[in-house]
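[1] coords below, sequence missing:
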């Protein structure tokens with residue numbers, strides 16, 4: 001396992017947005033924001049870097065972060081672009097998502113990043129792939145990656161906001177990568193019907209990008225970890241009361257980061273990430289506003 005240096009405070013870079021439903025409901029989210037929320041609940045004080053508009057939705061985000069005692073110093077307000085949003089609609093009973101382009105989080109400026117790092121050094125950076133879709137935030141992300149020694153990427157292949165060329169750029173020089181079975185199949189063109197073929201595809205990605213570890217989440221099948229020396233499969237944790245699976249992957253990522261920060265073994269981290277993501281499936285939505293929910297894991301895992 002890579003030894004972390006510098007501040008053990010994690011940096012989370014990327015989108016924060018609202019899912020807007022046709023009935024007027026607005027749900028706060030965005031994968032990086034969800035990860036940062038979990039880490040704050042677990043007592044790990046992330047530095048969340050993003051951008052919101054100077055509008056009512058942006059104000060709601062900053063208020064929610066304040067109420068959760070999150071650090072808002074790296075969430076900048078943009079006078080020219082609106083807060084990120086996703087228009088959610090139902091078509092034949094199935095949800096479809098329009099991730100609105102050219103919003104505030106697409107314009108996180110490099111000068112902002114430089115100021116944040118001027119007097120601090122951070123050991124670990126987490127980001128996804130959506131934030132790489134437009135030049136300004138992509139350039140800032142590239143700068144962050146140059147300044148942070150350890151990088152964990154959780155890709156999320158949302159059409160039309162990705163290409164194999166961009167993903168190939170994004171996966172160069174990183175330490176850890178998380179994806180799900182479908183994303184693994186998409187990147188390799190392989191079948192996901194058999195465990196052996198999943199392992200072959202995972203090994204190909206691990207070696208192509210010289211990763212320290214590749215994590216494949218498998219839903220009801222648990223999760224798989226691949227390193228240069230071994231592969232490990234962890235069985236799923238039984239969910240007694242399934243509410244929804246929204247944000248389960250973000251919960252998994254948060255625990256993977258926690259394990260890296262606290263020096264847990266890969267095996268233990270994988271087991272706990274599967275356990276926590278199962279707990280998220282028993283909530284409505286991607287995160288909890290109940291501090292006791294997080295206190296349980298903070299106490300039992302000695303975070």
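    That came through fine. Small disclaimer: the values here were computed from a predicted structure and weren't measured.

[2] where do the helices sit along the chain?
    Per DSSP state H, the chain carries helices over the ranges 31-41, 56-67, 110-117, 135-147, 164-170, 181-188, 195-208, 248-262, 266-280, 291-300.

[3] may I see the buried residues of the fourth one?
    Of the residues in helix 135-147, 137-138, 140-141, 144-145 count as buried by neighbour count, 16 or more other C-beta atoms under 10 Å. All C-beta atoms are positioned from the backbone trio N, CA, C, and that covers glycine.

[4] what's that helix packed up against?
    strand 11-13, helix 110-117, strand 124-127 (3 or more C-beta pairs under 8 Å, 6 or more residues apart in numbering; DSSP states H and E).

[5] what angle separates that helix from helix 110-117?
    Helix 135-147 and helix 110-117 are oriented at 30 degrees to each other (axes from the mean of the first three to the mean of the last three C-alpha atoms, to 10 degrees).

[6] how distant is helix 135-147 from the center of its chain?
    17 Å (C-alpha atoms, centre = their mean, to the nearest Å).

[7] contacts for that helix?
    11, 13, 49, 51, 105-110, 112-114, 117, 121-122, 125, 127, 131-132, 151, 173-174 (C-beta atoms under 8 Å, 6 or more residues apart in numbering).

[8] can you say which of those residues are buried?
    Buried, going by 16+ other C-beta under 10 Å: 11, 13, 49, 51, 105-108, 113, 117, 122, 125, 127, 131-132, 151, 174, out of the contacts of helix 135-147.

[9] quick one, what contacts residue 220?
    Contacts of residue 220 by C-beta under 8 Å, 6+ apart are residue 236.

[10] now for residue 210: which residues touch it?
    Contacts of residue 210 (C-beta under 8 Å, 6+ apart): none.

[11] what's the span of stretch 272-291, first residue to last?
    19 Å (C-alpha to C-alpha, to the nearest Å).

[12] which intervals of the stretch 1-150 of the chain have sub-threshold pLDDT?
    Along the stretch 1-150 of the chain, the model assigns pLDDT under 70 to residues 1-7, 90, 92-95.

[13] recalculate using a threshold of 80.
    Applying pLDDT under 80 to the stretch 1-150 of the chain flags residues 1-8, 89-96, 121.
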